[in-house]
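Asks: what follows is a protein structure lacking sequence information:
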């Protein structure tokens, strides 16, 4: 069972944050909206139809985003709950944990 998560993240600089998620992490922008100049941007970002938390291969994602210039706060590592996880921090300090289930 895959989990679907739709987080709302605080972003102080949309141009910088958009570059981090799109150019760095490989997400695409589905839509963005600003009610009027000076107000926050609302946007939906997706990557391969998956949530931000669960990915098929966290080690492959680690290598890919490394080539894009993103250095995770915590590289992939095994957990006691049978997963491999890494943590990425975006420009606004939002912590994103990516996880892959470990199969024996």
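Replies: That came through fine. Source: prediction; values computed, not measured. Residues are numbered from 1 along each chain as shown.
Asks: where does the prediction get shaky in this structure?
Replies: Residues of the chain meeting the criterion pLDDT under 70: 1-8, 50-53, 104.
Asks: can you show me the strands along it?
Replies: Listed in chain order, the strands found in the chain under DSSP state E are 28-34, 41-46, 74-78, 83-89, 95-101.
Asks: by contact count, what packs against the shortest one?
Replies: Read that as strand 74-78. Using 3 or more Cβ pairs under 8 Å, 6 or more residues apart in numbering; DSSP states H and E as the contact criterion, the neighbours of strand 74-78 among helices and strands are helix 58-67, strand 83-89. C-beta here means a position set from N, CA and C on the backbone, and glycine is covered the same way.
Asks: so which of the strands of the chain comes closest to residue 59?
Replies: In this view, the strands of the chain are compared for proximity to residue 59 by Cβ to Cβ, and strand 74-78 is the closest at 5.2 Å.
Asks: what's the angle between the closest one and strand 95-101?
Replies: 30 degrees (axes from the mean of the first three to the mean of the last three Cα atoms, to 10 degrees).
Asks: bridging residues for the nearest residue to residue 30 once chain neighbours are set aside?
Replies: The shortest distance from residue 30 to any residue that is not its chain neighbour, by Cβ to Cβ, 6 or more residues apart in numbering, is 4.2 Å, and that residue is residue 44. With DSSP bridges applied, the residues forming beta bridges to residue 44 are residue 31.
Asks: let me know how buried residue 44 is, in neighbour terms.
Replies: Each residue near residue 44 was counted by other Cβ atoms under 10 Å, and the total is 12.
Asks: ok, back up a step: which of the strands of the chain is buried the deepest?
Replies: The highest average neighbour count among the strands of the chain, using mean count of other Cβ atoms under 10 Å, belongs to strand 83-89 at a mean of 18.
Asks: if I look at residue 67, how far off is residue 93?
Replies: When Cβ to Cβ, to the nearest Å is applied, the distance between residue 67 and residue 93 equals 24 Å.
Asks: now swap in residue 9 and tell me
Replies: Note on residue 9: its distance to residue 93, by Cβ to Cβ, is 10 Å.
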